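Chemist: next one to model:
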Amino acid sequence: QVQLVESGGGLVQAGGSLQLSCVVSGGTGTIPYTMGWFRQAPGKEREEIAAIRGRGTYYSPSVKGRFTISKDNAKNTVNLQMNGLQPEDTAIYYCATPKHPGDTTLYPQASYFGQGTQVTVSS
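Modeler: Alright, predicted model coming up:
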């Protein structure tokens, strides 16, 4: 069983920055190959916004060019640097990894999620 604990959320003004972190524990003891970040805004479905598979990265169009995902293997941590935040980025942000270590797709129903961290961007 993999445990994910997110941190770093908060309240920021439009145009500001935040860095989210997700500490990974359990499982094999090393950070999984595939890690990702999802977010869920009020009244909306949870959406995948960034993923890292080995050294390859994916970003949704809504965050590409503003957000950067990275792994710190020494700390078993995956980070999400968020720049140029806008009010539409307000959501609960979740870290995720596939339940099956060999999977590279983050199917919501087949992934572990953390408890989430709230990000609020004021205009």
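
Chemist: identify the bridge partners of the residue nearest the centre of the chain.
Modeler: Closest residue to the average C-alpha location of the chain: W37 at 2.2 Å, with CA atoms, centre = their mean. W37 has these beta-bridge partners by DSSP bridges: A50, C95.

Chemist: what residues are up against it?
Modeler: Under the criterion of CB atoms under 8 Å, 6 or more residues apart in numbering, the neighbours of W37 are 20, 22, 48-51, 69, 78, 80, 93-96. For the C-beta atoms, the positions are set from N, CA and C on the backbone; glycine is no exception.

Chemist: same thing but 10 Å
Modeler: 6, 20, 22, 47-52, 59-60, 63, 67, 69, 78-80, 82, 93-96, 106, 114 (CB atoms under 10 Å, 6 or more residues apart in numbering).

Chemist: for Q13, same thing?
Modeler: Per CB under 10 Å, 6+ apart, neighbours of Q13: L85, P87, V121, S122, S123.

Chemist: in which helix or strand does the nearest residue to the first one once chain neighbours are set aside reside?
Modeler: Nearest in space to L85, with sequence neighbours left out and distances taken as CB to CB, 6 or more residues apart in numbering, is V121 at 4.6 Å. Counting by DSSP states H and E, the element that carries V121 is strand 117-122.

Chemist: ok so, going back, buried among the contacts of Q13? Make that a PyMOL selection.
Modeler: Only the buried entries of those go into this PyMOL selection, using 16 or more other CB atoms under 10 Å:
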select buried, resi 85+121
